[in-house]
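Visitor: Fold the stuff below for me.
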Amino acid sequence: MKNKIRQFNCLFGFLGITTCIYSTFIMPYLKMKGFSITELGILSSINISMSILGQFVFGYLCDAMKTIKKIFIFNLCLLFLVAVTMMINTKAALVIAFVAAFGLFQGPLSVLSDSWVLSNEKYVREGFGSIRAWSSIGWAVCSVLMGTIIEKFGWGAFFIGYLMMLLLTSAITIKIDDIHREKKHNDKSKKVNPLILFKDYRYVFIVLIMLLLTTTHQTMAFLYVKITNLGGTSKHIGISAFVMAACELPVFFGAKYIIKRFKLTNLLMFSSIIYVIRMLLLENSSSYIQVILLGSLQMLTFAVYVLAYKYFITEIAPNNLQVTAQSVAGSICAIGSIVFSSAAGYLIDSRGINTLFQVGAVTSVTATILIIIYKVFIERTQLRME
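Guide: Numbering: from 1, shown residues only. Down below sits the predicted model:
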């Protein structure tokens, strides 16, 4: 039992490092190769779009083929081939194809790994939070060390580090048993049809909440603007990212107790309310030190929110659509993030960064209202019927 959890800990730790290397340094690498900011923006959009497609396609394939392990290894192998090829050739036309491939095969790995744990035996599912914490640890460590390594040894270290982590991730993936699903009494449908999910009002509810709170959290992608506007540097941006990643850990490690102690809808409402407070405090912060310290609220917002929605979807989704349910919800939220990010640039240029935090507060308030409506009119009705 403990051996399987240790294997997943290693997988999530390695995957956190792998994802951080690519997500954090691919665009600076391409900029160094001579790509303009406009071209990088287009490449980023292609990467995100293909990531959305990959989440849906590979999530569906996992449920249809009743395997996560084989799909996971397939993606890792193709990522290795793409990375090796990109080391050799960085012509503009090929780079577009490479970035698209990275998005298609790298993007789904986080959702697939989460689903792998949540589709496992009960004792593994209950340990999801502490397992997920290792991804944050990997990301935090990588965010601190990788930039220094690249500065010392050059951009060749970027690809070497990425390829090494792909190999380590593949090695631990091979050792882990494939998904094991316990049969649910309400699992009536054998056909893998994603549209079935939207016939369940609970799934529609959680996707709406995710869409709103993901939009709120997407404001964090522009936190560097607030920090630099207040006199901070790239060093302070890095510290801010580290603080947020580190502050997720207590919630993830205590997830087993939290999930048993509190209702998932209560956790969603709590995180939504704290998001409102966080947005208002960020809007009114007057120094980059305050912004960095507000990163500690990551443990009460993002970490709680992730735990709640992951377990909520696992509870309500049919057994044969577990991975698809997580992937479809993630894809819809990613589309929302693209739309919001596109609008965010205009808002920042025309009205300033604080307007973005005001929008984040509004989306959080809306999410809170929807959760209250769900609890009052739907959850209570269900309890009376039972």
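Visitor: Any stretches of the protein with poor pLDDT?
Guide: Where the chain drops to pLDDT under 70, the residues are 1, 37, 180-192, 234, 380-386.
Visitor: what about 50?
Guide: For the chain, applying pLDDT under 50 flags the ranges 183-189.
Visitor: residue boundaries of the strands in it?
Guide: Taking DSSP state E, the chain contains no strands at all.
Visitor: Show me the domain layout of it.
Guide: What automatic domain parsing lists as the domains of the chain is 1-179, 192-386.
Visitor: Could I get those in CSV, plus columns for mean neighbour count?
Guide: In this view, the C-beta of every residue, glycine as well, is placed from N, C-alpha and C. CSV is the format used below for those (neighbours: other CB atoms under 10 Å):
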stretch, mean neighbour count
domain 1-179, 18
domain 192-386, 19
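Visitor: chain center to stretch 77-93, what's the gap?
Guide: 24 Å (CA atoms, centre = their mean, to the nearest Å).
Visitor: Hmm, I typed the wrong one, I wanted stretch 312-325.
Guide: 18 Å.
Visitor: tell me the contacts of the most centrally placed residue in the chain?
Guide: For the chain, the residue nearest the mean C-alpha position is residue 110 (6.6 Å; CA atoms, centre = their mean). Going by CB atoms under 8 Å, 6 or more residues apart in numbering, residue 110 touches 15, 19, 135.
Visitor: repeat for residue 240
Guide: With CB under 8 Å, 6+ apart, residue 240 has these contacts: 223, 224, 227, 291, 292, 295.
Visitor: let's see 7 Å
Guide: Applying CB atoms under 7 Å, 6 or more residues apart in numbering to residue 240 gives the contacts 223, 227, 291, 292, 295.
Visitor: what's the answer for residue 302, then?
Guide: 217, 248.
Visitor: and it, how far is that from residue 213?
Guide: Distance, residue 302 to residue 213, using CB to CB, to the nearest Å: 9 Å.
Visitor: Ok, residue 178 next?
Guide: 32 Å.
Visitor: what does residue 195 give?
Guide: 24 Å.
Visitor: What of residue 287?
Guide: Distance from residue 287 to residue 213, by CB to CB: 27 Å.
Visitor: Same check on residue 258?
Guide: 17 Å.
Visitor: distance between stretch 368-384 and the chain's centre?
Guide: 27 Å.
Visitor: And the helices in the stretch 201-350 of the chain?
Guide: Along the stretch 201-350 of the chain, counting by DSSP state H, counting those that start in this stretch, helices occupy 201-218, 223-229, 234-253, 255-261, 264-284, 288-294, 302-316, 322-351.
Visitor: Turn those helices into JSON lines, including distance to residue 162.
Guide: Below are the helices of the stretch 201-350 of the chain laid out as JSON lines (distance: least, CB to CB, whole Å):
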{"stretch": "helix 201-218", "distance to residue 162": "25"}
{"stretch": "helix 223-229", "distance to residue 162": "23"}
{"stretch": "helix 234-253", "distance to residue 162": "19"}
{"stretch": "helix 255-261", "distance to residue 162": "29"}
{"stretch": "helix 264-284", "distance to residue 162": "32"}
{"stretch": "helix 288-294", "distance to residue 162": "28"}
{"stretch": "helix 302-316", "distance to residue 162": "25"}
{"stretch": "helix 322-351", "distance to residue 162": "22"}
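Visitor: just so I know, which of these lies nearest residue 377?
Guide: Closest to residue 377 of the helices of the stretch 201-350 of the chain is helix 201-218 (CB to CB; 11.0 Å).
Visitor: Which secondary structure elements does the closest one sit against?
Guide: With contacts taken as 3 or more CB pairs under 7 Å, 6 or more residues apart in numbering; DSSP states H and E, helix 201-218 sits against helix 264-284, helix 302-316, helix 322-351, helix 353-373.
Visitor: Columns distance to residue 203 on top of those, output as CSV?
Guide: Putting the helices and strands packed on helix 201-218 into CSV (distance: least, CB to CB, whole Å) gives the following:
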stretch, distance to residue 203
helix 264-284, 13
helix 302-316, 6
helix 322-351, 7
helix 353-373, 14
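Visitor: Specify the stretch among those helices that is closest to residue 96.
Guide: Among the helices and strands packed on helix 201-218, helix 322-351 sits nearest to residue 96 (CB to CB), with 17.5 Å.
Visitor: How far off centre is the closest one?
Guide: On CA atoms, centre = their mean, the centre of helix 322-351 falls 12 Å from that of its chain.
Visitor: Done for today, thanks.
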